[in-house]
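sequence first, predicted coordinates after that:
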Amino acid sequence: MVKILERTSTQVATEMAATAKKRRIGILGGTFNPPHLGHLVIADQVATQLGLDRVLFMPDAEPPHVDRKLTIPAADRVAMVKAAIKDNPRFDLELTEVERGGRSYSYDTMLQLTQAHPENQYYFIIGGDMVAYLPKWYRIDELVKLVQFVGVCRQGFTHASPYPVLWVDVPQIGISSTMIRDQVRRGQSIRYLVPTMVDLYIKEHLLYRD
């Protein structure tokens, strides 16, 4: 039998007031290998539609589900993210995972951030294709108490989830980091797929040539 705990109107009002005072901060994590226009569109659309104060781009140090051989050093990925977001005052970098080093688990990171910044309410942005995998995430039952998940709608993926997810419709842009790396290896243009400064950084540092 499910037990329902009743709250008084005063308790509800107090909780709403406390939430209203918090800064609404989006978290967009990833390898960003490299960052591209799809990342920027997602961040901007979620920020606008949910009325977020800021969106923090959070590069992984050592992604738990990505082959390390295929991932360039964090310093290069951080530099490219910085270049990609510099003209949007609503965007910023979050370097917690890079500075901590090692394998990145969202629970550890968000526990650290919520403890360090109790004034923030965090909105954790993930692709619609990742929602189905939430039950497999490390300490997910505790993580959902720390953040509000935001799912970016993608065609062909269900919205069903045992966890609370806010869904946001975003223009479908068929760009991926894998595609961009392949384009660079084949000597093809990536103009209009990544911000200009990211394109220049990739060329200057001869990234993804192998």
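Right, received. Where do you want to start?

now the most centrally placed residue in the chain. Its backbone dihedrals?
The residue lying closest to the centre of the chain (Cα atoms, centre = their mean) is Leu28, at 1.5 Å. Backbone torsions of Leu28, given as degrees, to the nearest 10, read phi -120, psi 100.

so how far is Gly174 from it?
As for Leu28, its distance to Gly174 is 19 Å (criterion: Cβ to Cβ, to the nearest Å). No exception for glycine: its C-beta is placed from N, CA and C like everyone else's.

same thing with Tyr123?
25 Å.

the two: which is more packed in?
Ranked by neighbour count (other Cβ atoms under 10 Å), Tyr123 and Gly174 place Tyr123 first, with 21 against 6.

helices along the chain, start to end?
Secondary structure of the chain (DSSP state H): helices located at 9-21, 37-50, 74-85, 96-100, 106-116, 140-143, 177-185, 196-204.

show me the shaky parts of this protein.
1-20, 63-70, 156 (pLDDT under 70).

one more time with 50
1-7, 9, 12-13 (pLDDT under 50).

so who does Glu142 touch?
Glu142 makes contact with 107, 111, according to Cβ atoms under 8 Å, 6 or more residues apart in numbering.

now it: how far from Ala75?
31 Å.

repeat that for Val184.
Look at Val184 and Ala75: by Cβ to Cβ, they are 18 Å apart.

and the two? which has more neighbours close in?
For Val184 versus Ala75, neighbours defined as other Cβ under 10 Å are more numerous around Val184 (20 against 10).

once you drop chain neighbours, what's closest to the more buried one?
Nearest non-adjacent residue to Val184, counting by Cβ to Cβ, 6 or more residues apart in numbering: Tyr208, 4.1 Å away.

and Gln121, by the same measure?
Leaving aside its sequence neighbours, Gln121 sits nearest to Lys22 (Cβ to Cβ, 6+ apart; 4.2 Å).

thought Asn120 was touching the one you found, still the case?
Yes. With contacts counted by Cβ atoms under 8 Å, Lys22 reaches Asn120, the gap being 6.0 Å.

more crowded one of the two?
For Lys22 versus Asn120, neighbours defined as other Cβ under 10 Å are more numerous around Asn120 (17 against 14).

so who does the more buried one touch?
Going by Cβ under 8 Å, 6+ apart, Asn120 touches 22-25, 113-114.

beta partners of it?
Beta bridges link Asn120 to Arg23, judged by DSSP bridges.

surely Arg181 touches Asn33?
Yes. Counting by Cβ under 8 Å, Arg181 does reach Asn33; the two are 7.3 Å apart.
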